[in-house]
Every structure is written in C-alpha cells, then in structure tokens.
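>>> Quick one, what's the 3D model for this:
(one chain, ligands or ions: 1)
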Amino acid sequence: MVLFIVAVLLTAGTLLFTLFVRAKDIPEPAPVSPTLHLEERKARIYENLRDLQFEYRVGKLSDEDYQKTKQGLQRELSITLAELDGVKPEVAAAPAPKPDGKTCPYCGAKFPRPLKFCGECGKAMA
Ligand SMILES: [Zn+2]
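Down below sits the predicted model:
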C-alpha cells in the first residue's frame, strides 16, 4: 500500500514537473505589427508608381493610361497612409508595464508580490 502511494506521488510529481516545464518552454507568439500589412502595401504602391513612371518615360504608356493608373495608385496610397495614421496611435499607446514592484522594468519578470530587487536579473525594482 505504501509503495502504491509512493508510485502515485511520483507519477503526479513527474506529471506536474513536465507540465510546468512545458508551459515555461512554450515560446510566446512573436508580436506582429498591426501596421505591417499596411507598410507592405505602401511599399508595393511606391514600387508600382516607380515602374509606372519608368514605363511612361520609355514610351510604353500613353498619357491617358499613365494619368489614369497614376491617379488610381495615388488614391490607393492616400487610403493606405490614412489607415497607417489611424493605426499608429494605438501602437504608441501600447501597454507600458506599471511600476507596481511586481514586474521587473528591466527584464519583465513578474512576481506574485512586490519586491525591492528582481529575482531574475537582480536589479532594483523600486
Ligand atoms: Zn529583472
């Protein structure tokens, strides 16, 4: 009977240890910039505008085609820039860790109660 209890405790201990280590090992998802797709779109539009100007200069495009395409791209660009402007304030207001003594301002380690010194990196938390 004692052996059975020991075996159960060992199994539970191993399981908890495994779960604990696994939870710590899982990497946090890389933060994706909310403006990334807009920046990419902006870069693509600029590229298209450059290509367009080049093709117009070498005589591949008529005046009318050039103006029409250019205006379309510029409209798309202004929409993208406006969207970027609309998104950026949120990024600027990204959560800054509160100095409550529980989160290290240097390494970001979190503790259940306020500490004077970080238990992870040893720097002063106050
Ligand atoms: Zn720290």
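>>> any idea of the mean pLDDT for the longest helix anywhere in the chain?
Counting by DSSP state H, the longest helix found in the chain is helix 63-92. Per-residue pLDDT values across helix 63-92 average out to 88.
>>> helices or strands next to that helix in the packing?
Where contact means 3 or more CB pairs under 8 Å, 6 or more residues apart in numbering; DSSP states H and E, helix 63-92 is packed against helix 36-57. (Each C-beta comes from the backbone N, C-alpha and C, glycine too.)
>>> Now do the helix it packs on against helix 63-92, angle only.
160 degrees (axes from the mean of the first three to the mean of the last three CA atoms, to 10 degrees).
>>> May I have helix 36-57 as CSV, with CA atoms only?
Extracted C-alpha coordinates of helix 36-57, given in CSV (Å, rounded to 0.1, in the frame of the first residue of the first chain):
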residue,chain,number,x,y,z
LEU,A,36,3.0,45.5,-41.2
HIS,A,37,0.5,44.7,-43.9
LEU,A,38,-0.1,48.5,-44.5
GLU,A,39,3.7,49.2,-44.7
GLU,A,40,4.0,46.4,-47.2
ARG,A,41,1.1,47.8,-49.2
LYS,A,42,2.6,51.2,-49.1
ALA,A,43,5.9,49.9,-50.3
ARG,A,44,4.2,48.0,-53.1
ILE,A,45,2.3,51.1,-54.3
TYR,A,46,5.5,53.2,-54.3
GLU,A,47,7.1,50.4,-56.4
ASN,A,48,4.2,50.4,-58.8
LEU,A,49,4.4,54.2,-59.1
ARG,A,50,8.2,53.9,-59.9
ASP,A,51,7.5,51.2,-62.5
LEU,A,52,4.7,53.3,-64.0
GLN,A,53,6.9,56.4,-64.3
PHE,A,54,9.6,54.3,-65.9
GLU,A,55,7.3,52.7,-68.4
TYR,A,56,5.8,56.2,-69.2
ARG,A,57,9.3,57.6,-69.7
